[in-house]
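**Q** Just the structure for this:
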Amino acid sequence: MALERLDKFISDTMGITRKEAKEALSKGRVTVNGIICKKGDIKVSAEDEVCFDGIAKKKAGLVYILLNKPAGYLSATEDKKDKTVLDLLAEKEEFSELAKRAELFPVGRLDKDTEGLLILTNDGKLAHFLLSPKRHVDKTYYAIVDKVPVKGAEKAFEEGIQVGEEYRALPAKLERLSDTAPYEILVTLHEGKFHQVKRMCHEVGSEVVYLKRIKFGNIELDKDMQPGYARFLKEEEIEGLFSEVGANSSE
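**A** Numbers count the residues shown, from 1 in each chain. Just a heads-up that it's a prediction; the model follows:
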């Protein structure tokens, strides 16, 4: 059974330098099989449970991050004109090296002016499953619109509303949160086409003036997480995402 130095294992799975891994070890941020370990030269194997800040790390080096995307950033890995969510992540000390080395990408996209929950990962398989309309993974958005949606809008969403001449959206859910200004609604989709929430609302007589994604599958945006903040997904959240798409994280 292959053995590997603990500091190298932490460096590889977290996408940080060996020096940073040793510093994390010295601060007691790493446990091996439930015991704090500060020595980087001990050997670990695939049978050992290594946790960084309480989060189990898999040897595959797969990374899962929840970001509360602020307005003004593109959901892309790079852009010549505008800042991307990867640029934002790279500005944060705890994610800077990871953003450079782990080949992260956003799962789907949020418009530049849209805020909210965005998952970043280097797990292409899971990302493909999460974005497939056939998997029916819910995505819920909170929106403020300029006027109350027309009568019957909920039924239209349920039946799959026609968006212009381009396509008929899959059945979705529209919930009214208020009938007085500011007019607040929730929209839950199974897909994610370009400007879809805005265009669907337009079809029922309302224009979106503010949009924020608050839920993706089993993952909900932390209520106290401010725009621009990020954190690693918890192990149970990752397993929940795989359950959503009928897969297993160990496959």
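**Q** Now D48: phi and psi?
**A** Dihedral angles phi and psi of D48 (degrees, to the nearest 10) take the values phi -80, psi 140.
**Q** How much space separates it from E220?
**A** 31 Å (Cβ to Cβ, to the nearest Å). No exception for glycine: its C-beta is placed from N, CA and C like everyone else's.
**Q** between those two, who's got more neighbours?
**A** Neighbours per residue, other Cβ atoms under 10 Å: of D48 and E220, the larger number sits with D48, 16 against 13.
**Q** buried set for the top strand by length along the chain?
**A** The single longest strand within the chain, with elements called by DSSP state E, is strand 208-216. Neighbour counts using 16 or more other Cβ atoms under 10 Å place 208, 211-216 of strand 208-216 among the buried residues.
**Q** Same list (those) but as JSON lines, adding pLDDT and distance to A56.
**A** Putting these into JSON lines (pLDDT from 0 to 100; distance: Cβ to Cβ, whole Å) gives the following:
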{"residue": "V208", "pLDDT": "97", "distance to A56": "39"}
{"residue": "L211", "pLDDT": "98", "distance to A56": "34"}
{"residue": "K212", "pLDDT": "98", "distance to A56": "30"}
{"residue": "R213", "pLDDT": "98", "distance to A56": "27"}
{"residue": "I214", "pLDDT": "98", "distance to A56": "27"}
{"residue": "K215", "pLDDT": "97", "distance to A56": "24"}
{"residue": "F216", "pLDDT": "97", "distance to A56": "21"}
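**Q** which residues are in contact with the helix or strand of the chain with the lowest mean pLDDT?
**A** Lowest on mean pLDDT, DSSP states H and E among the helices and strands of the chain sits helix 96-101, with a mean of 74. The contact list for helix 96-101, computed with Cβ atoms under 8 Å, 6 or more residues apart in numbering, reads 14-17, 20, 63, 86, 89-90, 104.
**Q** okay, now the closest residue to I55 other than its chain neighbours: neighbour count?
**A** Closest residue in space to I55, ignoring its immediate chain neighbours: F232 at 5.5 Å, by Cβ to Cβ, 6 or more residues apart in numbering. Other residues within reach of F232, judged by other Cβ under 10 Å, total 20.
**Q** Which pLDDT value goes with F232?
**A** pLDDT recorded at F232 is 91.
**Q** how close does it get to T121?
**A** Taking Cβ to Cβ, one finds F232 at 11 Å from T121.
**Q** so who does I144 touch?
**A** Counting by Cβ under 8 Å, 6+ apart, I144 touches 182-185, 208-210.
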